[in-house]
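J.: quick one, fold the following:
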Amino acid sequence: MNVVYDEIIYFSDFESGSERDTYRDPVEKEIRTPEIFAEKKSISQTEFYQAQTAGSKPELKFVIPDYLEYSGQQYLIHAGIRYKILRTYRTDGNELEITCYGGVRDVSAAVGDENQ
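T.: All right, here's what the predicted structure looks like:
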């Protein structure tokens, strides 16, 4: 089987900096990885129903060729949509399978992708 890593994803997290907004709350700054090539996969029906039973709602699955490109970030961005990472699973070799949910299109998820 030929694997094609033809989707571009980004991992991201937010951290509170020392800056404060007008309400004196900490300003969160997004930390985003450079683009990563991935293979987009579908969620199997069995996996979907098992996750539903546990209270999760998986929507997308991606596989990246090297698990070292992921450092425990909470979010994945694909085509200008931010997803919450539900779980990761290292497959045979160096690949990492990433299951995500809750796709939300927001301004801060925009990455200048012409295909949005």
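J.: burial count for residue 20?
T.: Residue 20 has 11 neighbours, counted by other Cβ atoms under 10 Å. For glycine as for every other residue, the C-beta is placed from the backbone atoms N, C-alpha and C.
J.: beta partners for it?
T.: For residue 20, the beta-bridge partners under DSSP bridges are residue 26.
J.: now do residue 41
T.: Applying DSSP bridges to residue 41 gives these bridge partners: residue 61.
J.: contact partners for it?
T.: Residue 41 makes contacts with 61, 62, 63, 97, as judged by Cβ atoms under 8 Å, 6 or more residues apart in numbering.
J.: you'd agree the third one is up against residue 93?
T.: Which is residue 63. No - checked against Cβ atoms under 8 Å, the pair residue 63 and residue 93 is beyond contact range at 10.8 Å.
J.: out of these two, which sits in the busier spot?
T.: Higher neighbour count among residue 63 and residue 93: residue 63, with 17 against 9, using other Cβ under 10 Å.
J.: distance of that one relative to residue 100?
T.: Distance, residue 63 to residue 100, using Cβ to Cβ, to the nearest Å: 12 Å.
J.: for residue 86, same thing?
T.: Taking Cβ to Cβ as the measure, residue 86 and residue 100 are separated by 6 Å.
J.: ok, which stretches of this structure are strands?
T.: Assigned by DSSP state E, the strands in the chain fall at 7-20, 26-32, 36-41, 60-64, 75-78, 81-90, 96-105.
J.: most tightly surrounded among these?
T.: strand 75-78 (a mean of 23; mean count of other Cβ atoms under 10 Å).
J.: which residue is the nearest non-sequential neighbour of residue 27?
T.: Leaving aside its chain neighbours, residue 27 sits nearest to residue 19 (4.3 Å; criterion: Cβ to Cβ, 6 or more residues apart in numbering).
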